[in-house]
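Peer 1: Prediction below, plus the sequence it came from.
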Amino acid sequence: MSITILFDNHNPGSKQRKLWGFSAYIEEYKLLFDTGSNGRALLRNIEQLGVDVTQIEYLFLSHEHWDHIGGVDSVIEANPNLTIFAPNSLSKNMIADLRTQSREVIVCDEHPQQLIPGLYSTGVQGEEAPEHALVIDGAHPTLITGCGHYGINRIVDQAENIIDNSVKKVIGGFHLHSHSREEIQTTINCLKEQGITHALPTHCTGDRAIEFFEEGFGEGFHVGGIGAKM
């Protein structure tokens with residue numbers, strides 16, 4: 001399975017312009033996870049990274065913040081034949097508009113659910129910034145988070161309960177940019193105790209936290225940025 005970051009505010013060693021936000025593509029499932037903050041930039045990155053936007057079948061939106069849904073209109077205009085997995089925290093008007101522009105919209109609530117075979121929503125979690133994450137079951141179960149507002153350790157616990165297996169890989173924003181050194185280290189130690197062997201922290205994780213992840217995971221650490229793969 002190949003996961004490619006298409007949009008990111010971290011971008012070491014890549015020609016693409018970094019902008020605040022996050023988006024990734026899971027090739028095996030033809031699924032786009034979030035759309036970053038700028039649709040034109042996302043479509044440019046998609047083309048330059050060799051992804052055919054017309055072949056994407058699914059769009060997973062993690063939460064309502066602009067840096068994750070800002071490119072939705074551009075993606076739908078380029079490919080209206082999408083099934084969209086949207087959190088129920090999106091406005092009713094936005095969900096209604098998405099229904100008129102895409103093949104279908106499946107609204108996810110607080111309950112975990114299978115989206116298609118092998119893919120699950122954790123269920124929408126949290127009150128201040130309601131968000132759901134994507135769980136990929138398989139030989140190396142993987143969790144993708146947009147921002148992880150609910151807490152990456154709590155989200156991993158939820159994911160493992162859903163698939164009744166240990167998550168091995170985490171990728172995305174972990175929302176640790178304002179956390180203390182001690183809190184970041186506790187998070188990393190807990191992830192390792194939970195069975196995580198590979199981590200790609202990016203977006204809102206924070207530069208200091210990313211450095212700690214590199215120290216803590218060693219060979220299991222993956223550098224983020226546009227074009228990065230896991």
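Peer 2: Structure's in. What do you need?
Peer 1: Spell out which helix or strand contains the residue lying farthest from the centre of the chain, please.
Peer 2: The C-alpha centroid of the chain is most remote from Glu182, which lies 25.1 Å away (C-alpha atoms, centre = their mean). Glu182 belongs to helix 181-193 when elements are defined using DSSP states H and E.
Peer 1: which SS class is Val107?
Peer 2: Taken by DSSP: H, G, I helix; E, B strand; the rest coil, the conformation at Val107 corresponds to strand.
Peer 1: ok, now which ones touch it?
Peer 2: Ala86, Pro87, Asn88, Ile95 (C-beta atoms under 8 Å, 6 or more residues apart in numbering). Where you see a C-beta, it was placed from the backbone N, CA and C, and this is true even at glycine.
Peer 1: ok, back up a step: remind me what the helix holding Glu182 packs against, helices and strands.
Peer 2: helix 152-163, helix 207-217 (3 or more C-beta pairs under 8 Å, 6 or more residues apart in numbering; DSSP states H and E).
Peer 1: most tightly surrounded among these?
Peer 2: Ranked by mean neighbour count under mean count of other C-beta atoms under 10 Å, these are led by helix 152-163, which reaches a mean of 20.
Peer 1: Name the nearest residue to Leu106, ignoring sequence neighbours.
Peer 2: Actually, residue 106 is Ile. It isn't Leu. Computed as C-beta to C-beta, 6 or more residues apart in numbering, the closest residue to Ile106 that is not its neighbour in sequence is Phe85, at 5.3 Å.
Peer 1: give the contact list for His111.
Peer 2: If you count contacts by C-beta under 8 Å, 6+ apart, His111 has them with Gly123.
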